[in-house]
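# Dropping a prediction and its sequence here:
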Amino acid sequence: MTAMDAQTTMPADAGPGAQRPAGRACLAAALLVLAGCAAGPDFRRPAAPAVGSYAAGGMPTAAVAARHGSQTFHPGDAVPANWWRMFGSAEMDATVGQAIANNATLQSAQASLRQSQENLRAGHGVFYPSVDAGFSAVRQRASPLRLGVGGAGGLFNLFTLSATVSYALDVFGGERRTVEALAAQADYQRHAALAAYLTLTGNVVNALIARAGYQAQIRATETLVLRQKEQLAIAQAQASAGAVPASVLGIASQLASSQAAIPPLRQKADQAAHLLASLSGKLPAEWQPATVEIETLVLPRDLPLSLPSELVRQRPDILEAEALLQLASANIGIAAAAMFPSFRLDGSYGRNSNTVGGLGAGDAAFWQLGPSASMPLFHGGSLLHRRQAAVEGYRKSMEDYRQAVLDAFAQVADVLTALGHDAQALQAQDEALESARRALELVQANFQAGLVNYLDVLTADTQFYRAQIGQLQALAQRYQDTTALFIALGGGWQSAPAHAVSGVEPKEGRE
């Protein structure tokens, strides 16, 4: 019920004598009703989208199988809290734990959360009376002329001991809406901290996978360079003898291209290491990340897939937008309450005396008690326009919430299709690598039989290592897109124990 819904009526047939007690009863009833009402709309969280899948074609069940394994989706299963452990790397688990404990961005978000929670606790103080005490000791000179009385002024001491009590009667709910706004701000900061936690864990895992992939590609490329150097030396010797001189330039070009590929890979590996140091709250010069070998990582086979109706209740970015929507709703109530009268109940008690000992005298006491009210009459239309501005702010927040949901569903759909494409790409790279391996084995057998020269062996070896580099890139991409799925589904924070998310306690959303 809102304040604008509360109305009182008087019977038309009541006479003047009956109207007075009836009017008092109606007024008392109206005040009681209004005391339970608040201006502005009561917030209701938006309903989840009425869809059964993230993309056309329904919910997936299994990705395309590759030689490194297929991945099966389990719709309705919750994402594990420590999902990164599904990759089977103790080094990865330890690095993520260090980052959660030391990351500056996460700790900043948690400090903002604690700040907003303290502001909310402070805001609840409005529901209690304010009690203050005071004592003053002054020496002053009074002039009777200020009172219109002739005579000489007097010089005296005045000691005052007093206590005041003040209580705001929140008849139209403006204070309650203000506290609701503070609660929404606390919810927003809480979900911002969860978003920082989710982003941190995803970035750490992705950086470890990328660094492992870069290092594996560096090793394969360095081996390729060695083979190409051997190939170039043989070609140069053959050219000196007058055989196949044109192959020298082609091999030299391939060698230079392979050598040129190593520095960018090293730079990317170094950048990943520096990023991991920063994410772990360390300077790059004082911390070395753990080494994760991409060959030792385990591809998660059973992938949880939250239902679309659950996604809007577990994605921190959607919950942030929802908290801002409730804040905008509360702002409408605050602006609406400002258009109604405000009431206060104030009282004070004290004692005055010219001496400290005289404060206990019977005639030293003074007190006052009574209600006060103020009613806005004319503010140049500012109050009405402020309320309308709050309404437009709510509409904006609703559209922002809707866009956050659209972006989230699109992200999940992208990752689901990417995992299928990754499996297809990795399958093709595995087949290319297997074909290159067999071709190399065949050339090596022919070389041992004297059917081909060693240059043919090195050429086949080069093709094998190029296929291996492509396979490593496809494998790393599949690991990273698997990570992206866990992140897109909310990271599993709601499945964690109360203490597990480094100070961010899981909490059920508003109904």
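Perfect, thanks for sending it. Numbers count the residues shown, from 1 in each chain.

# tell me the mean pLDDT for stretch 328-347?
Averaging pLDDT along stretch 328-347 gives 95.

# so how far does it reach from one end to the other?
35 Å (C-alpha to C-alpha, to the nearest Å).

# Mind giving me the packing neighbours of the host helix or strand of R227?
R227 is part of helix 174-240 when elements are defined by DSSP states H and E. Helix 174-240 is packed against helix 90-102, helix 104-123, helix 247-279, helix 316-337, helix 454-488, with contacts defined by 3 or more C-beta pairs under 8 Å, 6 or more residues apart in numbering; DSSP states H and E. For the C-beta atoms, the positions are set from N, CA and C on the backbone; glycine is no exception.

# Most tightly packed of those?
Neighbour counts (mean count of other C-beta atoms under 10 Å) averaged over each of the helices and strands packed on helix 174-240 peak at helix 316-337, with a mean of 24.

# name the helices or strands packed onto the lengthiest strand in the chain?
Ranked by residue count, the top strand of the chain under DSSP state E comes out as strand 154-169. Under the contact definition 3+ C-beta pairs under 8 Å, 6+ apart, strand 154-169 sits against strand 130-142, strand 342-353.

# Report the buried residues of that strand.
F159, T160, L161, S162, Y167, A168, L169 (16 or more other C-beta atoms under 10 Å).

# For it, output the C-alpha coordinates as CSV.
The C-alpha coordinates for strand 154-169 follow below in CSV (Å, rounded to 0.1, in the frame of the first residue of the first chain):
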residue,chain,number,x,y,z
GLY,A,154,23.5,42.6,35.3
LEU,A,155,26.6,40.4,35.1
PHE,A,156,26.1,36.8,36.0
ASN,A,157,27.0,33.2,35.4
LEU,A,158,24.6,30.7,33.8
PHE,A,159,25.0,26.9,34.0
THR,A,160,22.7,24.7,31.9
LEU,A,161,22.3,21.0,32.1
SER,A,162,19.9,19.6,29.5
ALA,A,163,18.7,16.5,27.6
THR,A,164,16.7,16.4,24.3
VAL,A,165,14.7,13.6,22.7
SER,A,166,13.7,13.8,19.0
TYR,A,167,11.8,11.2,17.0
ALA,A,168,10.7,11.4,13.3
LEU,A,169,7.2,10.1,12.7
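
# which residues touch the residue nearest the centre of the chain?
Centroid check for the chain by C-alpha atoms, centre = their mean gives A195 as the closest residue, at 2.3 Å. Contact analysis of A195 by C-beta atoms under 8 Å, 6 or more residues apart in numbering lists A109, P316, D317, E320.

# try it again with 10 Å
A109, R315, P316, D317, L319, E320, G490, G491, W493 (C-beta atoms under 10 Å, 6 or more residues apart in numbering).

# Distance check, it against G69.
31 Å (C-beta to C-beta, to the nearest Å).

# cool, and T178?
Counting by C-beta to C-beta, the gap from T178 to G69 is 55 Å.

# who has more neighbours, those two?
Counted by other C-beta atoms under 10 Å, T178 and G69 do not tie: T178 has more neighbours, with 18 against 15.

# So the more buried one sits against A122, correct?
No - applying C-beta atoms under 10 Å, one finds T178 not in contact with A122, separated by 11.1 Å.

# related to what we said a few turns ago, pull the distance from the helix holding R227 to the chain's centre.
19 Å (C-alpha atoms, centre = their mean, to the nearest Å).

# and the closest residue in space to D400 that isn't next to it in sequence, what is it in contact with?
Once flanking residues are discounted, D400 sits nearest to A321: 5.5 Å by C-beta to C-beta, 6 or more residues apart in numbering. Contact partners of A321, counting by C-beta under 10 Å, 6+ apart, are 46, 188, 191, 312, 315, 397-405, 407-408.

# and with 7 Å instead?
Contacts for A321 (C-beta atoms under 7 Å, 6 or more residues apart in numbering) come out as D400, Y401, A404.

# Just confirm F340 contacts L169, I think it does.
No - judged on C-beta atoms under 7 Å, F340 makes no contact with L169 at a distance of 11.7 Å.

# tell me the SS of H379?
Assigned by DSSP: H, G, I helix; E, B strand; the rest coil, the conformation of H379 is coil.

# and the closest residue to S112 other than its chain neighbours, how many neighbours?
Nearest-residue entry for S112: Q189, 5.0 Å, with adjacent residues in sequence omitted and distances by C-beta to C-beta, 6+ apart. Under the neighbour criterion other C-beta under 10 Å, Q189 is assigned a count of 23.

# pretty sure Q189 is touching S116, no?
Yes - look at Q189 against S116 with C-beta under 7 Å: they come within range, at 4.2 Å.

# thinking again about what came up before, name the nearest of the contacts of A195 relative to A90.
G491 (20.5 Å; C-beta to C-beta).

# How about that closest one: what's its closest non-neighbour residue?
In this structure, G491 finds its nearest non-sequential neighbour in L198, 4.0 Å apart by C-beta to C-beta, 6+ apart.

# Quick check: mean pLDDT of stretch 103-116?
Computed over stretch 103-116, the average pLDDT equals 92.

# typo on my end, stretch 263-273
Rounded mean pLDDT across stretch 263-273 is 95.

# Give me the distance between that stretch and the centre of its chain.
29 Å.

# Extract the C-alpha set from that stretch and format it as PDB.
Presented in PDB, the C-alpha positions along stretch 263-273 are these (Å, rounded to 0.1, in the frame of the first residue of the first chain):
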ATOM      1  CA  PRO A 263      59.800 -13.300 -29.700                       C
ATOM      2  CA  PRO A 264      56.100 -12.500 -29.800                       C
ATOM      3  CA  LEU A 265      55.300 -15.800 -28.100                       C
ATOM      4  CA  ARG A 266      57.800 -15.000 -25.400                       C
ATOM      5  CA  GLN A 267      56.400 -11.500 -25.000                       C
ATOM      6  CA  LYS A 268      52.900 -12.900 -24.600                       C
ATOM      7  CA  ALA A 269      54.200 -15.500 -22.000                       C
ATOM      8  CA  ASP A 270      55.900 -12.700 -20.100                       C
ATOM      9  CA  GLN A 271      52.800 -10.500 -20.200                       C
ATOM     10  CA  ALA A 272      50.700 -13.400 -18.800                       C
ATOM     11  CA  ALA A 273      53.300 -13.900 -16.000                       C
END
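
# where's A56 relative to A408, distance?
Taken as C-beta to C-beta, the span from A56 to A408 is 17 Å.

# of the two, who's got more company?
When neighbours are counted by other C-beta under 10 Å, A56 and A408 differ, and A408 comes out ahead with 22 against 6.

# Can you verify T355 is assigned to a strand?
No - under three-state DSSP, T355 sits outside any strand and is assigned coil.

# so what's it up against?
The contact partners of T355, taken as C-beta under 7 Å, 6+ apart, are F159.

# and what of G492?
A78, V79, P80, A81, W83, F486.

# how close does it sit to G58?
Distance check for G492 against G58: by C-beta to C-beta, it reads 24 Å.
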